[in-house]
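1. quick one, structure for this:
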Amino acid sequence: MTTSLRFIGWCPVCQRDIKVRDNLLVHHGYERPGVGHIIGDCFGVGRTPHEISDETAKAWLKQVVQARLKTLRNTYAVLTSPEGPPWLTFEDYDVATRRFKRDPRTREPDLIQLSRQQADDLAAQLPSYAEHYSWALRLRIAIANTESDISNWTAESVRVTALIESWTPQPLRTVEEEIRHQEQTRAERETARTVARDAKILAEVVKIRKRIDAAVRNRNAATLADIFSSTKLRDVSGYRLTRDQALELLERDQIWRAFGLLTPDGYMSGDAARELLDDMTWGMKVPPPPNSGLRYARAPLPWPAELGGGFAKTRR
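-> All right, here's what the predicted structure looks like:
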């Protein structure tokens, strides 16, 4: 018998890939709380992986899922019967101190089981906090929780039944095969993300080009200034594009060149660009009227002759 852990199988209970020893799933699903030993185990531990047999899925369905559903349905029948349940679970609220009794380690409220008469007696002693021992409220909560549990376990029954009905034997995978598979999967996910991102960038480029062309037709310099200084394309790319790369994608260099925003050294930036963009947004700076107290006034901005001439629309 081999003790190699080179093989990996799928656990139909927790739906994870687990290492296999001697064709059985090794320990998994446990916790290490620091008490010197592990606590808990998945039902699939020590059972065959789903590739080899559907017996683990069948055992989980019969011993746990169907048994749990039977118990829950019986509980629901009792909860919704005319006479109701013989007892319900409450959080232990101390009538004398007006505080919940709590576990000193977890600080969670202690739980107690009370009959309806016991709950009503405690509620009568708490006229301002009667909801703590309200039988009607606790019953509604118990019914809702049971309905939710039935729904969840029913879904699990459907899932496991489908696994059993569609089962066919499969070879176990080796650790090396799984690593290659994960690397391939990561590469495929990255490729898909790149394709989706590129498509989103292209869609944004098309929208911005239309805005630029409309702004040129309308001689709207303020809109062109907004577009030149916008970071929208960079945002869409996840900042994988630089500012210059984003402007290049727009393929409207003749417009930026006409406004002086593109020189032989590249797209303008810094104070020089801010001055030009300011004029495009608010109008051309001119000397202010005498005694106005202004640093400068604004005048209509000439529209570049290369683009048809005239005057630009600004926010002035």
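2. can you get me a residue count around the nearest residue to Ser115 once chain neighbours are set aside?
-> In space, not counting the residues next to it along the chain, Ser115 is nearest to Trp87; the distance is 5.3 Å by C-beta to C-beta, 6 or more residues apart in numbering. Placement of C-beta: from N, CA and C, glycine included. Taking other C-beta atoms under 10 Å as the neighbour definition, Trp87 ends up with a count of 13.
3. I'd like to know how far Thr223 sits from Ala312.
-> As for Thr223, its distance to Ala312 is 10 Å (criterion: C-beta to C-beta, to the nearest Å).
4. before we move on, what about Pro127?
-> Between Pro127 and Ala312 the distance is 77 Å, computed by C-beta to C-beta.
5. elements contacting the helix or strand Ala203 falls within?
-> When secondary structure is defined by DSSP states H and E, Ala203 falls within helix 175-217. Packing partners of helix 175-217 (3 or more C-beta pairs under 8 Å, 6 or more residues apart in numbering; DSSP states H and E): strand 7-11, helix 221-229, helix 232-236, helix 243-250.
6. quick one: closest of those to Pro171.
-> Taking C-beta to C-beta as the measure, the helices and strands packed on helix 175-217 were each checked against Pro171, and strand 7-11 came out nearest at 9.3 Å.
7. which positions in the helix or strand following that closest one come out as buried?
-> Helices and strands here follow DSSP H and E; after strand 7-11, the next one along the chain is strand 16-21. Neighbour-count burial for strand 16-21, with 16 or more other C-beta atoms under 10 Å as criterion, is recorded at Ile18, Lys19, Val20, Arg21.
8. quick one: strands adjacent to strand 16-21?
-> For strand 16-21, sheet partners with direction are given as strand 7-11 (antiparallel), strand 24-25 (antiparallel), following DSSP bridges.
9. ok, back up a step: could I get the buried residues of strand 16-21 as CSV with pLDDT?
-> Compiled in CSV, these are given as follows (pLDDT from 0 to 100):
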residue, pLDDT
Ile18, 91
Lys19, 91
Val20, 92
Arg21, 90
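10. what two of those are the furthest from one another?
-> With C-beta to C-beta as the measure, no two of the buried residues of strand 16-21 lie farther apart than Ile18 and Arg21, at 10.1 Å.
11. ok, Leu69 touching Thr154?
-> Yes - the pair formed by Leu69 and Thr154 meets the contact definition of C-beta atoms under 8 Å, at 6.7 Å.
12. more neighbours: the two, which one.
-> Here Leu69 and Thr154 are set side by side on neighbour count (other C-beta under 10 Å), and the busier one is Leu69, at 17 against 14.
13. helix/strand/coil for that one?
-> helix (DSSP: H, G, I helix; E, B strand; the rest coil).
14. need the contact list for it.
-> By C-beta atoms under 8 Å, 6 or more residues apart in numbering, Leu69 lies in contact with Ile150, Trp153, Thr154, Ser157.
15. so which of those are in strands?
-> Mapping those onto strands (DSSP state E) picks out no residues; all lie outside.
16. please list only the buried members of those.
-> Ile150, Trp153.
17. inside helices: which ones of the contacts of Leu69?
-> Ile150, Trp153, Thr154, Ser157 (DSSP state H).
18. contacts only, for Leu126.
-> For Leu126, the contacting residues are Tyr93, Val95, Arg98, His132, Tyr133, by C-beta under 8 Å, 6+ apart.
19. compare the strands paired with strand 16-21 and give me the one nearest Arg234.
-> Each of the strands paired with strand 16-21 has some distance to Arg234 by C-beta to C-beta; the shortest is strand 7-11, at 42.1 Å.
20. pLDDT of the closest one, averaged?
-> Mean pLDDT, computed over strand 7-11, is 92.
21. likewise stretch 243-254?
-> Averaging pLDDT along stretch 243-254 gives 96.
22. hmm, back to that, can I get the ones in helices among the contacts of Leu69 in JSON lines including pLDDT and distance to Pro12?
-> As requested, the ones in helices among the contacts of Leu69 are arranged in JSON lines below (pLDDT from 0 to 100; distance: C-beta to C-beta, whole Å):
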{"residue": "Ile150", "pLDDT": "97", "distance to Pro12": "21"}
{"residue": "Trp153", "pLDDT": "95", "distance to Pro12": "16"}
{"residue": "Thr154", "pLDDT": "96", "distance to Pro12": "17"}
{"residue": "Ser157", "pLDDT": "96", "distance to Pro12": "13"}
